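[1] here is my input; please provide its structure:
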Amino acid sequence: MHELRFTPYHAAMPKLTELLQLNRIRGLQLFTAFLTVASIGCGSAGQPPPQSAVPTPAASPSPKNPSAAAIENVFDVPYVPTPTAVVDRMLSMAKVGKRDLLYDLGSGDGRIVITAAQKYGARGVGYDINPQRIKESNENARKAGVTNRVRFEQQDLFEADLSSATVVTLYLLPDVNLKLRPKLFRDLRPGTRVVSHNYHMGDWQADEVAEVEVKGTKHYVYFWIVPEGSKMGK
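    Model prediction:
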């Protein structure tokens with residue numbers, strides 16, 4: 001949910017498969033996503049890679065690369081809403097409570113932040129680069145009656161200040177998670193809980209992993225606690 005980056009085929013396909021299943025890509029996003037896949041070659045989609053398989057982020061493409069030109073106006077983490085059952089599992093794994101301040105990075109329609117406030121009494125902040133998602137989130141918060149406990153901001157998640165968070169939630173892409181990891185260790189205090197839908201953090205081993213099946217599709221939830229004095233990712 002930030003400046004455009006080129007995503008490797010093997011990392012992008014699980015997310016693209018979900019996008020096609022949910023029929024949530026509209027217009028240019030669907031067209032350009034197919035262009036990206038076609039430019040790299042054919043292959044098969046599968047489940048998220050095991051934690052031991054760490055994808056290597058690709059170098060930024062040349063401006064002359066036709067694939068880059070085709071997708072220059074598309075966000076590099078397309079919007080796919082997290083199913084309600086997965087949201088509930090993410091929040092329960094993090095043991096979210098009334099004293100928590102939850103930050104959702106790439107907050108979409110605001111459902112994770114709103115559920116944390118509505119169901120667990122937490123306060124929440126959602127960051128998303130897409131102004132339409134921010135507008136939608138604010139409207140959803142108003143309907144849920146939690147505007148006094150949540151806020152949504154149009155923000156590049158790599159530039160956001162995360163230091164106040166006690167819980168951070170993510171649904172990004174494998175290479176974005178890896179690029180974000182150093183920032184999490186710089187910004188977050190020891191003991192902060194981090195939860196990711198479907199994608200791990202490379203050699204930062206998860207403290208817990210859960211599987212949630214929704215309409216025949218397996219989703220994975222990864223949970224970490226930021227350790228004391230860790231220098232991983234720095």
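[2] helix or strand with the lowest mean pLDDT in this structure?
    helix 66-70 (a mean of 33; mean pLDDT, DSSP states H and E).
[3] could you give the mean pLDDT of the next helix-or-strand element following that one?
    Once the chain leaves helix 66-70, the next helix or strand it forms, by DSSP states H and E, is helix 84-93. For helix 84-93, the mean per-residue pLDDT is 97.
[4] for helix 84-93, name the packing helices and strands.
    Applying 3 or more Cβ pairs under 8 Å, 6 or more residues apart in numbering; DSSP states H and E, one finds that helix 84-93 contacts helix 111-120, strand 193-197, strand 208-214, strand 217-225. From N, CA and C alone the C-beta is placed, and that goes for glycine too.
[5] got the ones you listed as JSON lines, with mean pLDDT columns?
    Shown next, in JSON lines, are these (pLDDT from 0 to 100):
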{"stretch": "helix 111-120", "mean pLDDT": "98"}
{"stretch": "strand 193-197", "mean pLDDT": "98"}
{"stretch": "strand 208-214", "mean pLDDT": "97"}
{"stretch": "strand 217-225", "mean pLDDT": "97"}
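[6] which stretches in this protein count as strands?
    Ranges of strands in the chain, per DSSP state E, are 101-105, 123-128, 150-154, 167-170, 193-197, 208-214, 217-225.
[7] burial count for residue 210?
    With neighbours defined by other Cβ atoms under 10 Å, the count for residue 210 comes to 16.
[8] I am finished for the moment; much appreciated.
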